[in-house]
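**Q** Output the structure for:
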Amino acid sequence: MSYKIVIADDEVHIRLLLEQTLEELTDTYDIQILTASDGDEALALILAEKPHLVFLDIMMPKKDGFTVCQAVTRTPECRDTQILLLTAKGETSDHERGTAVGAIDYLTKPFDPDYIVSITKELLGLKG
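**A** Predicted structure coming up:
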């Protein structure tokens, strides 16, 4: 099976770090990684590609991650898209807001690369 993952973050080094972290999976499994650098681009890409998994930064230009997440989870064609919010903000209220708009998890930066690989494999149902 082929999988699509979207990485949406306005910081290029975070996008690259996530791509490099997931590289070991793309070498083993049929996974395509797509990237976006702002909220508008992220929303358009997610709606067009209907990825299986999205790593979505909260603080982005044009649309924040909460707004993007809510728009995606309210789109019936994207009901199978799983969203992990990534942020430097670790407040409980932000975590609660992320859950309220439909994110399946909320990860704070800096993130653990091993956890990123592990949660990706779990959410996509990858073996090994």
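**Q** Would you confirm that residue 52 contacts residue 83?
**A** No: the criterion here is CB atoms under 8 Å, and residue 52 misses it with residue 83 at 10.7 Å. Just so you know, the C-beta spots here come from the backbone N, C-alpha and C atoms, and that holds for glycine as well.
**Q** Can you show me the helices along the chain?
**A** Assigned by DSSP state H, the helices in the chain fall at 12-28, 39-49, 65-73, 92-100, 113-124.
**Q** okay, residue 52 and residue 83: which has more neighbours?
**A** Per other CB atoms under 10 Å, whichever of residue 52 and residue 83 has more neighbours is residue 83, with 26 against 20.
**Q** My guess is the more buried one contacts residue 69. True?
**A** Yes: judged on CB under 8 Å, residue 83 makes contact with residue 69 at a distance of 5.2 Å.
**Q** shared neighbours, these two?
**A** Common contacts of residue 83 and residue 69 (CB atoms under 8 Å, 6 or more residues apart in numbering): 56, 102, 103.
**Q** the bottom helix or strand of the protein by mean pLDDT?
**A** helix 92-100 (a mean of 80; mean pLDDT, DSSP states H and E).
**Q** hey, C-alpha coordinates of that helix in PDB?
**A** Extracted in PDB, the C-alpha atoms of helix 92-100 (Å, rounded to 0.1, in the frame of the first residue of the first chain):
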ATOM      1  CA  THR A  92      -2.500  22.500  28.600                       C
ATOM      2  CA  SER A  93      -5.000  24.800  27.000                       C
ATOM      3  CA  ASP A  94      -3.300  24.500  23.600                       C
ATOM      4  CA  HIS A  95      -3.300  20.700  23.900                       C
ATOM      5  CA  GLU A  96      -7.000  20.700  24.800                       C
ATOM      6  CA  ARG A  97      -7.700  23.100  21.800                       C
ATOM      7  CA  GLY A  98      -5.800  20.700  19.500                       C
ATOM      8  CA  THR A  99      -7.900  17.800  20.600                       C
ATOM      9  CA  ALA A 100     -11.100  19.800  20.300                       C
END
